[in-house]
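Visitor: Compute the structure for the input listed below.
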Amino acid sequence: MFKETNTRSIVKGISWRIVETMTTIIIVYVFFGRLDLAIAAGLLEMVLKVGLYWRKKRIEPFNFWFTGLPLSGKTTITDKVYAELGKLHIPLERIDSKDIRELIPGIGFSRKERNCHMHRIGNLIRTLQKNSISTVASFVSPYRESPKAIREMVKNNIIVYVKADIETCKARDYKGHYVK
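Guide: Predicted coordinates for the structure are as follows:
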């Protein structure tokens, strides 16, 4: 296994660029028999490819935080947003409260436990962002301090409140949470 260093990347990029330019020059010379045209085509190809490479812009990692009442439709909307963003081929992860609660069993629902849980999620998102990975998350976040803590911990955070009235949420309740 090799560690990719800046020097190695630069040397690799330059050597491949030279090989590709020489290949273009040879192919053009073989087909047209003109060295001046072959060199011009090789140089043009090199300038265009280097120019296009350096024009690539890095997308700063972001976090879409979907919140709202239980069964308000957060997960459904988040899944669709994740699918659409996935088409852009940017590094992206989907984080859902249900999945996290399965990974960390025993998380309670008191105010203190929920805020502690949100802190864990904020740390997870911050770690992903340090690795240039954006996130799309859906959590209930019932207390004001939860989104506030996430906002302070995470860069480029966008909070989306999924509004649904309590009667609609009760009608969607297939697990009996609202009955309790």
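
Visitor: Buried ones in the longest helix belonging to the chain, by neighbour count?
Guide: Within the chain, and with DSSP state H defining each element, the longest helix by residue count is helix 6-32. When burial is assessed from 16 or more other CB atoms under 10 Å, helix 6-32 yields the following buried residues: Thr21, Thr24, Ile25, Val28, Tyr29. The C-beta positions use only the backbone N, C-alpha and C, and glycine is treated the same way.

Visitor: Out of those, which comes closest to Ser132?
Guide: Distance to Ser132, by CB to CB, is smallest for Thr21 among the buried residues of helix 6-32, at 30.2 Å.

Visitor: Going by distance to Ile95, which of the buried residues of helix 6-32 wins?
Guide: Nearest to Ile95, judged by CB to CB, of the buried residues of helix 6-32 is Thr21 at 44.4 Å.

Visitor: which residues in this protein form strands?
Guide: In the chain, the strands defined using DSSP state E lie at 63-68, 92-96, 134-138, 157-162.

Visitor: Give me the pLDDT for the residue in the chain sticking out farthest from the centre.
Guide: Summary for the chain: using CA atoms, centre = their mean, the residue whose C-alpha lies farthest from the chain's mean C-alpha position is Gly33, with a distance of 49.0 Å. As summarised for this prediction, Gly33 has a pLDDT of 91.

Visitor: Against Gln129, how distant is the closest residue to Trp65 other than its chain neighbours?
Guide: Excluding its sequence neighbours, the residue lying closest to Trp65 (CB to CB, 6 or more residues apart in numbering) is Ile159, at 4.7 Å. Distance of Ile159 to Gln129, computed by CB to CB, to the nearest Å: 16 Å.

Visitor: Now find how far off-centre stretch 20-39 is within its chain.
Guide: Between the mean C-alpha location of stretch 20-39 and the chain-wide mean there is a distance of 42 Å, by CA atoms, centre = their mean, to the nearest Å.

Visitor: what does stretch 154-165 give?
Guide: On the basis of CA atoms, centre = their mean, stretch 154-165 sits 16 Å off its chain's mean C-alpha point.

Visitor: Just the endpoints, please. Distance across that stretch?
Guide: Stretch 154-165 stretches 29 Å from its first residue to its last (CA to CA, to the nearest Å).

Visitor: what comes up buried for that stretch?
Guide: Judged by neighbour count (16+ other CB under 10 Å), stretch 154-165 contains these buried residues: Val154, Asn157, Val160, Val162, Ala164.

Visitor: can you list those residues in JSON lines and add pLDDT and distance to Ile95?
Guide: Output for the buried residues of stretch 154-165, formatted as JSON lines (pLDDT from 0 to 100; distance: CB to CB, whole Å):
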{"residue": "Val154", "pLDDT": "91", "distance to Ile95": "11"}
{"residue": "Asn157", "pLDDT": "91", "distance to Ile95": "13"}
{"residue": "Val160", "pLDDT": "91", "distance to Ile95": "14"}
{"residue": "Val162", "pLDDT": "92", "distance to Ile95": "16"}
{"residue": "Ala164", "pLDDT": "89", "distance to Ile95": "21"}
